[in-house]
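Student: Dropping a prediction and its sequence here:
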Amino acid sequence: MNSRSIIVIGAGVGGIVAATHLARRGLNVTVLEKNAHAGGRCDRFSRDGHHFDAGPTLLVMPLLYEAEFAALGTSMHEMLNLQRVDPTYHLVFDDGSRLALTSDMRSMQEQLEAFEPGSFASLIRYLDEGHRHYDLGMERLVSRDFRKPSDFFKLSNVPLVFQLRPFTSHYRNMSAYFDDPRLKSAFTFQDVYMGLSPFEAPATFSMMPYTELAHGVWYPKGGMYSIVEALVDLAQRAGVTFEFDASVERIRVNGSQARGVILSDGRHLTADAILANADLPYVYGDLLPHCPKGRAEAKRLARKRFSCSVISFFWGVDKAYTNLPPHTLFLADDYRDNFKSIIHDLGLPANPSLYVHAPARLDPSMAPEGQDTVIGIVPVGHMSENGGQDWAEIRDEARRHVFRRLRTLGITDLEEHIKFEVNYTPLSWKKRYNLMKGSTHGLCHNLMQLGYFRPSNKHSRYHNLYFVGASTHPGTGLPTAMVSGRLAAQRMLDELDLSF
Ligand SMILES: Cc1cc2nc3c(=O)[nH]c(=O)nc-3n(C[C@H](O)[C@H](O)[C@H](O)COP(=O)(O)OP(=O)(O)OC[C@H]3O[C@@H](n4cnc5c(N)ncnc54)[C@H](O)[C@@H]3O)c2cc1C
C-alpha cells in the first residue's frame with residue numbers, strides 16, 4: 001500500500017467509485033460519510049418487511065454500467081442479478097388512454113397507430129435520431145474529460161452542433177415526428193431526469209427514450225440499493241476504508257493546497273489530496289473557506305440553474321395490488337404548464353404528472369406476502385431563496401393527487417390499506433444529503449451547464465482538491481456518477497504526484 005492518503009467526502013455512488021479506482025492504484029483511501037450507511041441519494045430503508053428504494057428506481061443506460069463495472073475490473077452481470085423490465089413504463093393520459101412502452105415493436109406499432117396513424121414509422125425515425133444522439137453523446141460528451149478549453153473547443157467537435165441538435169428544444173423537435181401531444185409527451189418526459197423541461201432541454205436528449213427502448217430498463221434483484229452494495233463490496237476488496245456518521249464540517253486549506261478536513265466531532269484529519277462527492281454547490285457554500293474569492297465562487301454556483309425536486313411517498317400497504325404495474329406514469333394534458341409550475345414558479349402544478357412504483361411486481365421479496373410496497377413520486381419545484389413554500393401543504397396536496405390518479409386505474413382503496421407512510425419533501429432531500437435547495441438532481445443540464453460548461457472535477461485554485469458527483473461533469477444519474485468517479489480519480493492520478 002502507498003503511504004499517500006486520500007480523503008473522499010461522501011459515500012455516494014460517485015465517491016465510492018472514485019475511491020475504488022484510487023485504492024486499486026495503491027492509495028490509502030478513506031471515505032467519510034455523514035449518514036450511517038453508503039449510497040447517498042441511491043438510498044434504501046425497510047420497515048415491517050417492506051423495502052423501499054428511496055431514490056433511483058430505474059436502471060437505465062445498461063451499457064454505461066457495463067463499461068464502468070469493467071473499468072473496476074469486474075462485470076455488471078457478475079455483480080448484479082438483473083431482469084429486464086418490459087414494458088418499461090405504463091403511461092396513463094388524462095383522457096384515460098394508455099400506452100405501454102415496450103421493446104416489442106409489433107405491440108408498439110399496434111398501440112401507436114391507434115393514437116395517430118403513421119406514428120409507428122415516425123417512432124422508428126425518432127429512435128434512429130436517438131441512436132445517433134446516444135452514440136455521439138456518450139462518446140464525445142459523457143465519457144470524456146474536459147480538462148482545458150481545447151479539449152472541447154476543437155475542430156472535430158464542430159459537427160456536433162448539427163449532429164446533436166443542441167439549439168433545438170426537445171419538444172419542438174417532436175413536431176418533426178408526431179402531432180398527437182400524448183405521443184410528444186410519451187417520448188420527452190424523461191427530460192425530467194435531467195432536471196429539465198422538454199421545452200428547454202436540447203433535442204440531444206432523444207438519446208434517453210432511445211436507450212430505454214433499445215438497451216432496456218432493468219431491475220436488480222433486491223432493488224436499486226444492490227448496486228450500492230456491489231460497489232461497496234468492490235471498494236472494500238480494493239482496500240477502501242469507510243467511516244460512517246462522520247460529517248465533514250470544513251475543508252482545511254493553506255495557500256493553493258487542501259490540507260485535510262475538520263469533522264463535526266472536532267477531529268482534524270490530514271490527507272495528500274481530497275475528493276469531495278457531496279453536492280458541489282454545498283461544498284463551495286459550506287465546506288470551503290469564506291474568503292472573498294471563495295464567497296464569490298460559492299455565490300456564482302448557487303446562482304446557476306438547479307434541477308427540480310420531488311415529493312416522495314413510501315407506503316407499506318396490507319393488500320397486494322397485483323394489477324398495479326411496476327412503473328406507472330400519469331402524464332397530464334397541460335404538459336407545458338406542468339413544467340412551468342415546477343421549474344419557473346417552483347411549485348406544484350394544478351394537475352401534476354406523477355409516477356408510481358410497485359417494486360414487488362419485479363421482486364416479490366420487496367413486500368411481505370399478500371401485501372404491497374408502493375412509492376409515489378410527484379415532481380415539484382426546488383426550495384426557493386426566500387423559503388416561502390409551505391411544504392406540508394404542498395405535500396398533502398401532492399398526496400391527494402396520487403390517490404386521485406390511482407383511482408383512474410381502479411385502485412380506489414389504497415388509502416384505507418396503508419399501514420404506514422414515510423414521505424420526503426425538498427426539505428428532507430436537503431437535510432439527508434446536503435443537497436442545495438433540496439434539488440434532487442443537483443445542477444440542471446441545460447446547454448450552458450453541459451460538457452465543458454459543467455463545473456469541472458477539479459478546483460481551480462486548490463490543486464489537490466477534486467470533485468465527483470451529480471453536479472459535476474458529466475452529470476446526474478447512477479451510471480453517470482460512476483463515469484464521474486472514474487474521470488475524477490484518473491485526473492487526480494494524472495495530475496498529482498501520488499507516488500511513494
Ligand atoms: C428521487 C430520485 C430519483 C432518482 N432516480 C434515478 C433513477 O431512476 N436512475 C438513475 O440512474 N438515477 C436516478 N437518480 C439520480 C441518482 O440517484 C444520483 O444522480 C446519484 O445517486 C448521485 O450520486 P453522487 O455521486 O452525486 O452522490 P450523492 O448521492 O449526492 O452522495 C453524496 C454523499 O455525500 C454525503 N455528504 C454530504 N455532505 C457531507 C458531509 N459534510 N460530510 C460527509 N458526507 C457528506 C451525503 O450524505 C451523500 O451520501 C434519482 C435521484 C433521486 C433523488
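Tutor: Cool, got the structure.
Student: Do a quick rundown of the strands in the stretch 51-200 of the chain.
Tutor: Ranges of strands within the stretch 51-200 of the chain are 82-85, 89-93, 98-101, based on DSSP state E, counting those that start in this stretch.
Student: okay, these, which one's buried deepest?
Tutor: Most buried of those, by mean neighbour count (mean count of other C-beta atoms under 10 Å): strand 89-93, with a mean of 21. The C-beta positions use only the backbone N, C-alpha and C, and glycine is treated the same way.
Student: For residue 227, what is the enclosing helix or strand?
Tutor: Counting by DSSP states H and E, the element that carries residue 227 is helix 225-238.
Student: near the ligand at all, that helix?
Tutor: No: figure legend: helix 225-238 not in contact with the ligand (C-beta under 6 Å from any ligand atom); closest approach 8.9 Å.
Student: beta partners of residue 306?
Tutor: Per DSSP bridges, the residues bridged to residue 306 are residue 443.
Student: The stretch 101-250 of the chain against the ligand: which residues are in contact?
Tutor: Checking the stretch 101-250 of the chain against the ligand by C-beta under 6 Å from any ligand atom, the hits are 247, 248.
Student: Show me what residue of the stretch 101-250 of the chain gets nearest to the ligand.
Tutor: Proximity of the stretch 101-250 of the chain to the ligand (C-beta to the nearest ligand atom) peaks at residue 248, 3.7 Å away.
Student: For that residue, give me the pLDDT.
Tutor: For residue 248, the pLDDT comes out at 98.
Student: chain center to the helix or strand hosting residue 483, what's the gap?
Tutor: For residue 483, the host element (DSSP H and E) is helix 478-495. Helix 478-495 sits 16 Å away from the centroid of its parent chain (C-alpha atoms, centre = their mean, to the nearest Å).
Student: Specify the angle between that helix and helix 225-238 in degrees.
Tutor: Angle of helix 478-495 versus helix 225-238, following axes from the mean of the first three to the mean of the last three C-alpha atoms, to 10 degrees, is 20 degrees.
Student: helices or strands up against helix 478-495?
Tutor: Under the contact criterion of 3 or more C-beta pairs under 8 Å, 6 or more residues apart in numbering; DSSP states H and E, helix 478-495 touches helix 13-24, helix 62-71, strand 273-276, strand 465-467.
Student: if we can go back for a sec, could you pull out the buried residues of the helix holding residue 227?
Tutor: Burial within helix 225-238, assessed by neighbour count using 16 or more other C-beta atoms under 10 Å, is assigned to 225, 226, 227, 228, 229, 230, 231, 232, 234, 235, 238.
Student: ditto for stretch 351-371
Tutor: 351-363, 366-368, 371.
Student: so what's residue 284 up against?
Tutor: Residue 284 sits next to 294, 297, 298, 301, 302 when contact means C-beta atoms under 8 Å, 6 or more residues apart in numbering.
Student: Show me the contact partners of the helix holding residue 227.
Tutor: Helix 225-238 has contacts (C-beta under 8 Å, 6+ apart) with 11, 13, 16-17, 19-20, 23-24, 31, 38-39, 42-44, 53, 59, 72-74, 79-81, 220, 222, 242, 478.
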